[in-house]
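S.K.: have a look at this prediction, sequence included:
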Amino acid sequence: MPCRGRETELAEHLEGVANPEFAAHLAQCPDCQALLGMWQRMGGWADEAPDAGLAVRFRQRLNNETKPMGRGWMRWAGVAAAIVVSFFAGRTTTDVSDLRQEVRGLREVVALALLEQQSASERLRGIRYSAALEKPDEEVIAALTRTLRTDSSVDVRLAAADALRRYARTETVKQAARELLTENESPMVQVAGIDLLLAARERGRVEQMRTNLNLDENVRKYLERALQQENWE
Amino acid sequence: MTDEELMTAVQRGDTRRLGVLFDRHHTALFRYFLRLGGSRSLSEDLTQEVFFRMLRAGETWRADSRFVNWMYRIARNVFIDYQRKQRWETEMAPEFDVPAPQGNGYEQEQEWELVRQALAQLPPDKRELLVLSRYQGMKYEQIGELLGVETGTIKVRVFRALQQLRGIYEGLTGGQHALSRTGN
């Protein structure tokens, strides 16, 4: 049984409060020693760090959630809504399958249009819109890949990389991902490239990065962690 | 700028400052959720959610409060809401979410794993208490403020939680570690 009346003193001892009287008790009390031993064992649980990409994803979302909805987006949403309404209004018979097919095509048109917008936040919306498509056609995937390769905003490129993970095994996506690993890319983009290539099961290409002596230290850490995690999986 | 000044600026509409607060505190929050039993990906999601909730609930921030306490209050609510939405898995995160071995030998790895398992078997309120005091570096006074309980009560609860953890741990090791009392 524990030492009655010593709860507070032991808890204070754990917090670093010096108490000679309790220290003397501890020296001869196996139960209190065992509790202290348990506390010390808990300290063996090593600290883990979140993935480097978390900070990027947070800032993307912060950017999206704090920017006012742009007029361009409103215009496109309005156009899409108008087309959908007129499309349904003109129907006298309902062939549900055809309707779905055509509406799906319409969504892709909207996604493609958004990806071409001047504003980075609207292109980000385009990416989110594209990512929500169940089965985007090749044109949407190609537009996302082009965004990944060439967009002027790193945030937009990273969002495109996230959206393309589902299609990582597509040859054009793999090729774009390989290009992200080059030295003149920012570390965040390189990290996105690592994720994409691992999703594409291109482990060998990722491992080759280890030989790059100029590799950013954070990217190297991320690379090692990602490869280790893949081993566990 | 202090955390409190940054949060006051966020409250006044300078939302970019939230990024600075995120940089300062997201790792600690991530570990908090991880040690409460979340997987890596869930812990990352919940960590982000804490900061977006700060944005949405900015009006509840008071400039004379202590930011870290307010942050953990939100974190607790995020965690409780998550539990409400989805039945919390009492077992620990899946194997692939376990941190990579640190190269300190098989026996030590096994010991850490047993500590993780023992913590996972503690009732959630006791687990949280030990996570806050042992891993998040919070003083009993701060924990008391966070949970709305007297500091003296927190001390007794920490003692009892540790006692229960020890019992579970010894059960998992078949009493093997009960013999080497100090664990060294």
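M.R.: Thanks, I have it.

S.K.: now for the residue lying closest to residue A:53 once chain neighbours are set aside: which residues touch it?
M.R.: The spatial neighbour of residue A:53 that comes closest, neighbours along the chain excluded (CB to CB, 6 or more residues apart in numbering or on different chains), is residue A:191 at 5.8 Å. Every residue, glycine included, has its C-beta placed from N, CA and C. Residues near residue A:191 by CB atoms under 8 Å, 6 or more residues apart in numbering or on different chains: A:52, A:53, A:56, A:219, A:222.

S.K.: can I see the domain layout of the chain?
M.R.: You didn't pick a chain, so chain A it is. A:7-34, A:67-165, A:168-233 (automatic domain parsing).

S.K.: oops, wrong one, chain B.
M.R.: Split by automatic domain parsing, chain B gives B:1-89, B:104-177.

S.K.: columns mean pLDDT, distance to chain A and mean neighbour count on top of these, output as CSV?
M.R.: Formatted as CSV, the domains of chain B follow (pLDDT from 0 to 100; distance: least, CB to the nearest CB, whole Å; neighbours: other CB atoms under 10 Å in any protein chain shown):
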stretch, mean pLDDT, distance to chain A, mean neighbour count
domain B:1-89, 87, 4, 17
domain B:104-177, 87, 4, 17
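
S.K.: gap between stretch A:174-188 and the chain center?
M.R.: 17 Å (CA atoms, centre = their mean, to the nearest Å).

S.K.: now do stretch A:44-59
M.R.: So, by CA atoms, centre = their mean, the centroid of stretch A:44-59 is 11 Å from its chain's centroid.

S.K.: ditto for stretch B:141-158
M.R.: 15 Å.

S.K.: what's the helix or strand for residue A:22?
M.R.: Per DSSP states H and E, residue A:22 falls inside helix A:20-28.

S.K.: which residue does chain A bring closest to chain B?
M.R.: Going by CB to the nearest CB, chain B is nearest to residue A:37 of chain A, at 3.1 Å.

S.K.: list the buried residues for the helix or strand that contains the residue nearest to residue A:53?
M.R.: Assessed by DSSP H and E, residue A:191 sits inside helix A:187-199. Neighbour counts over helix A:187-199 (16 or more other CB atoms under 10 Å in any protein chain shown) mark A:188, A:189, A:190, A:191, A:192, A:193, A:194, A:195, A:196, A:197, A:198, A:199 as buried.

S.K.: CA atoms only: put that helix into PDB for me.
M.R.: Only the C-alpha atoms of helix A:187-199 are listed here, as PDB (Å, rounded to 0.1, in the frame of the first residue of the first chain):
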ATOM      1  CA  PRO A 187      12.700  22.700 -49.600                       C
ATOM      2  CA  MET A 188       8.900  22.600 -49.200                       C
ATOM      3  CA  VAL A 189       8.500  21.700 -52.800                       C
ATOM      4  CA  GLN A 190      11.100  19.000 -52.500                       C
ATOM      5  CA  VAL A 191       9.200  17.600 -49.600                       C
ATOM      6  CA  ALA A 192       6.000  17.500 -51.700                       C
ATOM      7  CA  GLY A 193       8.000  15.700 -54.400                       C
ATOM      8  CA  ILE A 194       9.200  13.100 -51.900                       C
ATOM      9  CA  ASP A 195       5.600  12.400 -50.800                       C
ATOM     10  CA  LEU A 196       4.400  12.100 -54.400                       C
ATOM     11  CA  LEU A 197       7.200   9.800 -55.400                       C
ATOM     12  CA  LEU A 198       6.700   7.500 -52.400                       C
ATOM     13  CA  ALA A 199       2.900   7.500 -53.200                       C
END
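
S.K.: now do it, average pLDDT.
M.R.: For helix A:187-199, the mean pLDDT works out to 86.

S.K.: which residues are in contact with the residue nearest to residue B:67 when sequence neighbours are not counted?
M.R.: Spatially, and ignoring its direct neighbours in sequence, residue B:67 is nearest to residue B:3 (3.7 Å; CB to CB, 6+ apart). Residue B:3 sits next to B:21, B:24, B:25, B:67, B:68 when contact means CB under 8 Å, 6+ apart.

S.K.: how about residue A:185, secondary structure?
M.R.: coil (DSSP: H, G, I helix; E, B strand; the rest coil).

S.K.: give me the distance between the closest residue to it other than its chain neighbours and residue A:50.
M.R.: What sits nearest to residue A:185 in space, not counting adjacent residues and going by CB to CB, 6+ apart, is residue A:193, at 7.3 Å. From residue A:193 across to residue A:50, the span is 19 Å (CB to CB, to the nearest Å).
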